[in-house]
Structure formats: C-alpha cells, structure tokens
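Undergrad: got a predicted structure plus its sequence, pasted below:
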Amino acid sequence: MTTLEGKKRKLPPKVAAMLARKRMKLQPGSSTTPKVTANEPRPSSELRERGKTVRLDQLKWKEVELPDRLDDYEGFFGLEEVDDVEIVRDAAASTLTYKTHTENILSDRERQELQKQKQKPPHEDYEDKDVNEESPPPDAAGDDEEEEEEKAEVDNEEEWGGFDSDSAEDNDMEADENTGDFGINPFQGLVEESLDASNGVDVSAWAQLQLSQDSLASLSRLGFAKPTAIQELSIPEIMAGRDVIGKASTGSGKTLAFGIPIFERILGQSTGDEHPETETPSEEHTPTALVLSPTRELAHQITKHLQLLASGVPNRTIRVVPVTGGLSIQKQRRLLSNADIVVGTPGRMWEVMGDSNGVIDQLKRISFLVVDEADRLLSEGHFKEVEDILDSLDKSTDENETVSQESTRQTLVFSATFHKGLQQRLKGSKKRDTRFLDPKESMEYLIKKLRFKEERPKFLDANPEEQMAENLKEGVLECPAMEKDLYLYATLLLNSSKRTIVFSNSIHAVRRVTASLQALNQPAVALHSHMPQKARLRSLERFAAAGANSKSAARSILIATDVAARGLDIPDTETIIHYHVPQTADFYVHRSGRTARAGANGKSIMLCSPEEVGGVRRLIHKVHPNSKSAIRSLGIDRRLVGKLKGRLTLAQKIANAELSNAKEKVNDSWVDQAKEDLGIDSEEERDWAEKEGRGRGWQKSEKSKVGSAELKSFRRELKALLQTKINTGFSERYPTTGDMDIEELKRGLHGDFIGKVPNLEWNS
Ligand SMILES: Nc1ncnc2c1ncn2[C@@H]1O[C@H](COP(=O)(O)OP(=O)(O)OP(=O)(O)O)[C@@H](O)[C@H]1O
C-alpha cells in the first residue's frame, strides 16, 4: 500500500476487506488452504489428498465484489477470485499445480458456456458487469498517446474527476444497474447497418483478388460489392507475403485492407472443422496477427469490424480479442490463450506481455504485425512501449544473440497521414537518411525498428494527390474569440445534420461546452481521456444511437478532444466542427475524416477567431497546397446569432455553476479521503489535509460556488427563453464581400478573412 507522509494510508473498509481476502487466496506455496469458507471448512491436507488437480481455466472464477465507488482504487476492477484452492509448488520442476474440490471445477457444459462467452464481442463484457467502471489503472497510463497529451494540457483545476462521470453518468449507471442493463456497444450501428444490407450482394468485383469462398461469402453478407482502392492495392501484395506500408484517405477501408489477408491466412491454415465449443485453450496456440492501435476506442472498433467479417465465415470461428486498458486484464489474459487476432493498445499490450513470458513466446510466432494509425502510434506518446513490444518480439531465444537473426512475420503499416519526408524516402525518391533521432523522424526510426522482412517494404499510396475524403466539403466560419460558444450553438441549430462531432483542443472546453449545450436541450455528450472507460464507451454509444429507435433523439452531438480524432467510424456522422483550430494539419485531416466515410457526404467547419487566422493559414497550406477553392468561407445570419445570446449566457451560467459545484463536491470528498488517509479527524487538521490535497492537484474554488436557489432561477429563466420562438425576420448574412480568396489568405496579405458563402447549408 502506498504511504503518505510516512503514515500508512487507510483504505475504505470494503476495499481493505477485499484485499485481505485476496491476500489469503492463492498464496503460492502456502501451507494453509488459501481460503476456507465458513460453512464448508476444508483443511488443506484434505485438498492435497483428495482434491483434484486442475488448470486455472478449469476453475470457477468469480468476480471480486467491489464497493460502489472506488475513487483511486480502480486497479482492482475486473479482478476475479476463487476460493478453496491449494497451490502446490514443485520447486524442482519450477511448476505450480492447483488442487481443489469438485464443486470448484467447471463442468464441461459450463466450460462450453464460458467458451461461448469468450466469443462474444468485447462490449458484451459489460453485460457481465466485468468492467472497469472508473478510470484506467494508473499503470495503464500512456495507453493512449492522446491521453498523455491531454493530461499534460489539463491544469490543476481540471483534475477533479470529471463532471460527466461524477454526476450525470454515474446516476445513469445506477439506473442501468437496477434494470440490469449494462450493454454498451457504440459500434452497434456498424454491425446492424452492415448486416441489414447483407442479404448477399454480388461480389464478382472481388474476383481478381482471388479470395476464398468463405471471405467472399462474408463480404457479400456485409454488402461490400467491390474493394476500395487501398484494398485493391494492398490485398494482393500482402497475400503474396510482402511487407506493406499503406496510405489512403480517412474512411477508405484500411481496416479490411489488412484484415482480409489476415483472414485468408487463418482460413488457409484451418482444417475447417474447428468448433469453438470443443476447443480448449492451448499453450501451443499462436495468434496469427497482432494489431496495435493508438486508442482504446479504435482498438474496440477494429475488433468489432474484424469480428463482423468473422461472423460471416461459415466453417471457422475466428477469434478477435481486444487487449486495452479499462477492461479486466485477467479476462484479457485468458482470452489471449486462444485468440487468432489480438488488437491492442501499446500500454496494455506491454503490461500483458511484461508479466508473462508465455505471451511473449506466443506473440513471437505471429504471422502479421499490423501498426494501424502508424504515424500516431509511433510518435512520442507510445514510442517507448511500442519499442519495448518490438524488442521483445524480436529477442533471440539464443542467449548469445540479443536479436533473432531474421524476422519471419509480415509487417503492415497503415495510416491516412505520413510525415512527408518519410513518404518520399519510402517511395524511393530520396536517399535513405540514417540520422534518425530528430523528433519528426521518430517514425522513421521505429519503421526501422519494425524489422520488415524486406529491405524495402512496398509503399502503397491510394491517394497521392488529395488526402481529404472525396465527398467532404470544408468551410471556415469566422467568429469573435469570446463568442465561439454562441457561434457553435447557432451553427448546430442551423445545421440539420444527424450526427455532429465537435472537436476541441482541451478537456476543460469539452466539459464546459457539453454542459452549456445540454442546458440548451441539445443532445450533446462528452468524450475525453479523463472520463472512465465505461463512460467513454457510453458516450459513443449514445452518440451512435441517435435516431436508431423511437426513444433515442433524432440527432446527436459528440463534444470530444482529439482522442476521438483517429479511426472512429460512426455511420451518419455528417458534420465535423472544429471548435478550436486543430494543432496540426494531420489532426485536421483525421478529425475531418470522421465524416464523408466510405463514399458518403460530409462537412467540416472550422470556427476561427482572429487570433487563429495564422494557424488556419498554415493548415490550408499543408492540407491543400494546390487547391484554390477546397475550403470556403461560410456566412451566417449575424442578427440571428445575436438573438441567441440571451439563451447562451444563461446556459453558460448554469454550466459553470454545475461544473464548479461538482468540483466542490469532489474537493470535499477528497478532503475527507485525505483526512482518512492521514488518520486525522479534527476540524483543525482539515486545512492541512486540504493543503495535501492541493499538492496533488486539487483546487478549491469558493468564489464560483452557486447556490441551488440561484441555479434553479437560471434554469427557469432559460426554460422560458427556450420556449419563446426566435423571430428570424429577414436574413442578414455575415457582411462580407465575395468569395474567400484562399490564395491571398495563403500569401498572408490580410490578417483576416474576406469573403462569403451565403449560408451554412452549402447550397450556393
Ligand atoms: N469494400 C468496401 N465497400 C464498402 N464499404 C467498405 C468497404 N470496406 C470497408 N468499408 C466500410 O468503410 C468504412 C470505413 O472503413 P475503415 O474504418 O476501415 O476506414 P479507414 O480507412 O481505416 O479510416 P480511418 O483512416 O479514418 O481510420 C467502414 O464503415 C467499413 O465498414
């Protein structure tokens, strides 16, 4: 247990009891029975003599019961326990065996049920309540690079645990617990829409790729009539055994570009008569592929996508297993034992690999290593973990060598964006550079570390000219810096999109904007890395559920940091709004790529204050170096915007009050916790505990506290305003003159924008 100021930290009684119980169980070499239940005492000698020898996966594991709120004890989520097991260590053979009584052993039928459970998509885990309810364990930090960045950018004020999770989300969760409904599946839309269209489309256009009947049957069921450009380019190369680096615009089907050849390999190796019910995990089993993904959401989405393809294969069960933070590590370890494809985030993968050599040995034999969203994954945030993973995969079994002689696996690297210099080098148009350690070149360093089989992997670029999706419309909406919220609200009202994602550069803004929009009755949900994993998935699920049934809102809005910028594929996401101008051109590409996917239409709108013009200018330079009219200036009826001001001001007051009151609540609970931890209970010592708390980043802000009477009156006032129709009168467009001159903007002749497009509906 950690200590604070030399004093032992006191755990809440429920957690302490749990730990005490846990310590008593499964103590290797212990001479006593690990735990003896009260009603059925079994001395260890009895177990030793009469108990049956079992494997760990034959035991009836039970989930450890946890307190309702765990604060910073999240690492215990997802623990499983088993009673009455004797662990016998054979020191000579360095082995452990487990003995237990028959009631503790799974019957064949129960094992089959469990096997079936293992086949379930990852989000169904939540129905079993086997879920990390709160934050990811501290040692899983770094799991998402975005999280690291965001953590750095969050000031102390923000470290109060999150409005989403501490109030609204938790209440909801409780309600769900009562009804027993824990199902979370943000990618359900992907499944249903794909399968709906799937009474079998003609897949003759895939013929040239010479896929197996099983793969074709599955593609037909999914309704994918023909391969996308990147699939057409990369599938034959990968099937021919080549290492591939693939670049293609967002939403162009890169997942199946590597997924289909992996399936082909698995199907080729399979005898065709495997049945999951009778298969037992084997230490000899080797996954065919390891896919590394930069974010948890993306890892789950890739898993879902591949599971969907697998579900259409008639004769073979292909197991796709996610290994990410925020979910039970024990469960993931068990699922790994018979996985065909492992999809993991680097942090959790390394954790799982680090504590068991068996996993490393299994993964050393993989046929494919896939690095998805490679530029992100291989940049600083994940650098160390990815490097460690690669080093372990390549470590020689011969003690005299540090690295095994040659790599037999194929390495597949995909992204929509790659650093330009690297692209040139990959294409062979520039001489290879050996000066690797410039940060911008870290990708190249790791590309080298990837140990491709070939000297020069095949570089395939499906969109050499244009990196934005084909049917994406892009615009800029100028607004004063202090009125971004107002212009965002107006844009949302004027824009009839079913699903809109609003991207912000800071977690604080995500919280604030979400709370304001919710006060304005907008169907807004938040997503950022300081939310517990379950709340993150729930937000995505709510966002994706819009219009799905009569109960869900017809439209939905996700307010997110860049943790949602990569890879997410939510159908009917029609508009992206950049509340803050993205920090890099690549972020702009990936954020905007959440719409206009798989040939659909979409819009990307940047809210731009005068201070941000320089950034927008640089961004346009990079993203559209050759196009004069790729980004248009948007006009908006400013009188109408002005009429929304009263509503917005009240909504902001409500949001600020809610946020600061929630923070206050957390502060108080922190002080209580600190007092308990430090073993103090007098009021005089409260100040000291508070100071300790501050040292850990907690801030108390008395001045922003708003009384409940005042809050109620704000709410009443806003309700009345929202019921009053706004008289739009005649339309007065943003007073600008002529189309925005992108060339002029790029040359920087003017400090601000000039131009117009009459309205937000892009119909001019
Ligand atoms: N051949 C196909 N025909 C039609 N739709 C397809 C095809 N292949 C994939 N899709 C669909 O296209 C969408 C985007 O695919 P995917 O998520 O793999 O894109 P991506 O290129 O990885 O995007 P990003 O760069 O944003 O991660 C998915 O909904 C997927 O189901």
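TA: Cool, the structure landed. Numbers count the residues shown, from 1 in each chain.
Undergrad: quick one, strands of the stretch 201-350 of the chain?
TA: With DSSP state E, counting those that start in this stretch as the criterion, the stretch 201-350 of the chain has strands at 244-247, 289-292, 320-323, 341-344.
Undergrad: quick one: contacts for the residue nearest to R296 when sequence neighbours are not counted?
TA: Leaving aside its sequence neighbours, R296 sits nearest to T324 (C-beta to C-beta, 6 or more residues apart in numbering; 4.3 Å). For glycine as for every other residue, the C-beta is placed from the backbone atoms N, C-alpha and C. By C-beta atoms under 8 Å, 6 or more residues apart in numbering, the contact list for T324 reads D143, R296, A299, H300, G344, T345, R348.
Undergrad: now L520
TA: Contacts of L520 (C-beta under 8 Å, 6+ apart): Y489, R647, L648, A651, L718, L722.
Undergrad: can you tell me which of those is nearest the ligand?
TA: Closest approach to the ligand among those (C-beta to the nearest ligand atom): Y489, at 27.7 Å.
Undergrad: what strand or helix carries the closest one?
TA: Assessed by DSSP states H and E, Y489 sits inside helix 484-494.
Undergrad: and the contacts of that helix?
TA: Against helix 484-494 from outside (C-beta under 8 Å, 6+ apart): 477, 479, 500, 502, 513, 516-517, 520, 522, 557, 577, 579, 605, 607, 609, 636-637, 640-641, 644-645, 647-648, 652, 759-761.
Undergrad: TSV for the contacts of L520, including neighbour count?
TA: Shown next, in TSV, are the contacts of L520 (neighbours: other C-beta atoms under 10 Å):
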residue	neighbour count
Y489	22
R647	21
L648	23
A651	26
L718	21
L722	15
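Undergrad: which two from those residues end up farthest apart in space?
TA: Y489 and L718 (12.4 Å; C-beta to C-beta).
Undergrad: enumerate the residues of the stretch 401-550 of the chain near the ligand.
TA: Contact residues, the stretch 401-550 of the chain versus the ligand (C-beta under 6 Å from any ligand atom): A416.
Undergrad: what do you get if the cut-off is 8 Å, keeping everything else the same?
TA: For the stretch 401-550 of the chain, the residues in contact with the ligand (C-beta under 8 Å from any ligand atom) are F414, S415, A416.
Undergrad: identify the bridge partners of the first one.
TA: This points to F414. The partner list for F414 in beta bridges (DSSP bridges) reads G246, D372.
Undergrad: give me the number of residues near it?
TA: 24 (other C-beta atoms under 10 Å).
Undergrad: can I get stretch 455-466 in CSV? Just the C-alpha atoms.
TA: Extracted in CSV, the C-alpha atoms of stretch 455-466 (Å, rounded to 0.1, in the frame of the first residue of the first chain):
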residue,chain,number,x,y,z
GLU,A,455,14.9,-4.2,-47.3
ARG,A,456,12.2,-2.0,-48.8
PRO,A,457,8.6,-2.7,-47.9
LYS,A,458,6.0,-2.0,-50.5
PHE,A,459,4.7,1.6,-50.1
LEU,A,460,1.2,1.9,-51.5
ASP,A,461,-0.5,5.3,-51.7
ALA,A,462,-4.1,5.1,-52.7
ASN,A,463,-4.5,9.0,-52.7
PRO,A,464,-1.2,10.6,-53.7
GLU,A,465,-2.8,13.9,-54.6
GLU,A,466,-5.6,14.6,-52.2
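Undergrad: who's in contact with it?
TA: 228-230, 233-234, 237, 242-249, 252, 411, 413, 423, 426-428, 626.
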